[in-house]
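Engineer: Pasted the sequence and its predicted model underneath.
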Amino acid sequence: SEEPFYVANGIQRYLQINKKYRFESSSTKKCGAIVMSADPFTLGHLYLVQTALKYVDYLYVFVVQEETGTFAFVDRFEMVKRALSSFTNISVLSTGEYIHSVYTFPEYNMRGLEIDKKVDASKEIRLFATFVAPFFDIRMRFFGEEPADYITASLNESAKDILPQYGITPIIIPRKKVEEDYVSGTIVRKHIFNQEWKELTKLVPSSTLEYLQGLRKKEEDSLIKLSIIITSYNSEACVEKLINIAKSQENEEIEIIIVDGGSSDNTRLLIDQVTCEDKMIFVKFLPTGTGKMVAKREALNIAKSKYVMFLSDEDKIAPNSIKRLCDFIDEKRIDIALLSNRMDSVEDDQYENQNYLNIKYKLYTGYEVCSRYLFSFDKEIGEKFDFCIDGKIIRKSILEPYVSDFGFKYSELLIMGKIYRKASRIA
């Protein structure tokens, strides 16, 4: 008998929203599916699609919606659409929250890393087979071979065991080689980081290359990677210290935002005194009595960066260390980085010689944090995590759906719980 598994109530709504992308059912036409992150879309992905079309008449390409890769979902989705625009028998769709998400398969975004627990992809595969496949009349699902990665291999093995029970044929397609080497997303991202465009012409379609070059130009026009945010409300005892900590991190890739929630003490005066000659700091004063939560919402609406950090008066941060941490977060594709005990008194030689930032980190999924904290009262999680937004660097894209919640009926604990749940990589 099948093991019971949880299905979110929104699955039927997700399917109805995507009904317009469905090919007309036919007993003589076969439909297949591929799920891909496309981070970014490479010639390996194109080879997977072209090979799949040898087996089926119509193909659904589901692009993973989770914001855990190097590139944002909107960019990955656009790269896939552009690369496959000439195919009239392909539909490109978002996975929503029902395929490769933190709810259905939280370990998926740990692929490429060593993990110390068993991976169970059966819920993910059964959910697809029970709801998604029948709705789109999918009879084949295609997977790229990934022999070196335990998580992807576990997914492929589960698919081979489970999908045939639902009348769906799983097909594992060997990876594409270019000049005797496999096309690897890791290598592609390294070339992108180094702007080695000539090397990329061998590994990605021309549409992807053009899109990547456009993204690079946008990044050069707006270099801001991190917004350091200070929100104050009757905070005269600590606001000057916080501003000085933020100023010690000043860099062309970092912006500093200060929003006061309508203080009635000397906080505003102190902010003016400390920032009056610094044009790199954005300051906004809200009406008296507005409060700190609304100030946080206003600051998030102002931020133009990839990551945000709400500075806490408990943070101990060495000068110019945050930029390095941001680079580390980018490299490891981390959604939330906890600052506690990570940056205390870090000197330049410690970072350079001991690779300090690579020593003290362990990855968790948001699903794991929430379940162990809220339901198991796990001591390890309880000591490491709090449900306050301060003292963390957070990928802004996972915060954005909840910005409007700040200052209204939701408490910060509940909002942070939502953000944790959405995150796939927490360190």
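Structural biologist: Thanks, I have it.

Engineer: ranges for the helices of the stretch 51-200 of the chain?
Structural biologist: Secondary structure of the stretch 51-200 of the chain (DSSP state H, counting those that start in this stretch): helices at 73-83, 122-127, 133-136, 150-162, 185-193, 197-200.

Engineer: can you pull the buried residues of the fourth one?
Structural biologist: Spelled out, it's helix 150-162. Across helix 150-162, burial judged by 16 or more other CB atoms under 10 Å covers 150-159, 162. Every C-beta, even on glycine, is put in place using the N, C-alpha and C of the backbone.

Engineer: Export only the CA atoms of it, formatted as PDB.
Structural biologist: The C-alpha coordinates for helix 150-162 follow below in PDB (Å, rounded to 0.1, in the frame of the first residue of the first chain):
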ATOM      1  CA  TYR A 150      23.500  11.500  -4.100                       C
ATOM      2  CA  ILE A 151      20.400  13.600  -4.000                       C
ATOM      3  CA  THR A 152      19.700  13.600  -7.700                       C
ATOM      4  CA  ALA A 153      20.500   9.900  -7.800                       C
ATOM      5  CA  SER A 154      17.900   9.300  -5.000                       C
ATOM      6  CA  LEU A 155      15.300  11.200  -7.000                       C
ATOM      7  CA  ASN A 156      16.000   9.200 -10.100                       C
ATOM      8  CA  GLU A 157      15.900   5.900  -8.200                       C
ATOM      9  CA  SER A 158      12.600   6.900  -6.600                       C
ATOM     10  CA  ALA A 159      11.200   7.800 -10.100                       C
ATOM     11  CA  LYS A 160      12.200   4.400 -11.500                       C
ATOM     12  CA  ASP A 161      10.500   2.600  -8.600                       C
ATOM     13  CA  ILE A 162       7.300   4.600  -8.300                       C
END
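
Engineer: quick one: it to chain centroid distance?
Structural biologist: 23 Å (CA atoms, centre = their mean, to the nearest Å).

Engineer: packing partners for it?
Structural biologist: Counting contacts by 3 or more CB pairs under 8 Å, 6 or more residues apart in numbering; DSSP states H and E, helix 150-162 is packed against helix 122-127, strand 138-144, strand 169-173.

Engineer: what about whichever strand or helix holds L399, distance to the chain center?
Structural biologist: Under the criterion of DSSP states H and E, L399 resides in helix 396-399. Here helix 396-399 is found 8 Å from its chain centre; the criterion is CA atoms, centre = their mean.

Engineer: what's the average pLDDT for it?
Structural biologist: Here helix 396-399 scores 84 as its mean pLDDT.

Engineer: and I256, helix, strand or coil?
Structural biologist: strand (DSSP: H, G, I helix; E, B strand; the rest coil).

Engineer: Distance-wise, check K292 relative to L414.
Structural biologist: K292 sits 16 Å away from L414, going by CB to CB, to the nearest Å.

Engineer: swap in D120?
Structural biologist: D120 sits 29 Å away from L414, going by CB to CB.

Engineer: Likewise for D149?
Structural biologist: Distance from D149 to L414, counting by CB to CB: 35 Å.

Engineer: of K292 and L414, who's got more company?
Structural biologist: Taking other CB atoms under 10 Å, K292 and L414 do not tie; K292 has more neighbours (20 against 13).

Engineer: State the number of residues packed around the nearest residue to that one once chain neighbours are set aside.
Structural biologist: In space, and not counting its chain neighbours, K292 is closest to Y233: 4.2 Å by CB to CB, 6 or more residues apart in numbering. Close neighbours of Y233, defined as other CB under 10 Å, add up to 21.

Engineer: i'd like the first residue to be 20 from this point on
Structural biologist: Got it, first residue is 20 now, which makes that one Y252.

Engineer: Go ahead and confirm Y252 touches G310.
Structural biologist: Yes. Counting by CB atoms under 8 Å, G310 is a contact partner of Y252 at 6.0 Å.

Engineer: list residues touching both of those two?
Structural biologist: 280-281 (CB atoms under 8 Å, 6 or more residues apart in numbering).

Engineer: wouldn't A152 be in contact with Y185 here?
Structural biologist: Yes. Counting by CB under 8 Å, A152 touches Y185, with 6.7 Å between them.

Engineer: Those two: which is more packed in?
Structural biologist: Taking neighbours as other CB under 10 Å, A152 and Y185 compare with A152 leading, 21 against 15.

Engineer: list the contacts for S113?
Structural biologist: 37, 81-82, 84, 92, 96.

Engineer: Output those residues as CSV; include the columns distance to S105.
Structural biologist: Listed next are those as CSV, based on distance: CB to CB, whole Å:
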residue, distance to S105
N37, 22
F81, 19
V82, 17
Q84, 24
F92, 23
F96, 17
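
Engineer: which one of those residues sits closest to S282?
Structural biologist: F92 (38.3 Å; CB to CB).

Engineer: Give the closest residue to the closest one in space, chain neighbours not counted.
Structural biologist: Of all residues not flanking F92 in the chain, Q84 sits nearest, at 5.3 Å (CB to CB, 6+ apart).

Engineer: Run through the residues that contact the closest residue to L146 other than its chain neighbours.
Structural biologist: Excluding the flanking residues, the one nearest L146 by CB to CB, 6+ apart is T123, at 5.6 Å. Residues in contact with T123, defined by CB under 8 Å, 6+ apart, are 116-117, 142-143, 146.

Engineer: quick check, nearest of those residues to V302?
Structural biologist: Looking at the contacts of T123 and their distance to V302, the nearest is E116, at 37.8 Å (CB to CB).

Engineer: Where does pLDDT dip in the stretch 70-219 of the chain?
Structural biologist: The stretch 70-219 of the chain contains residues with pLDDT under 70 at 87-88, 121-122, 125-137, 166-167.

Engineer: My guess is I417 contacts I438. True?
Structural biologist: Yes. If you go by CB under 8 Å, I417 and I438 touch, sitting 6.1 Å apart.

Engineer: Overlap in contacts, the two.
Structural biologist: Contact criterion CB under 8 Å, 6+ apart; residues shared by I417 and I438: I355.
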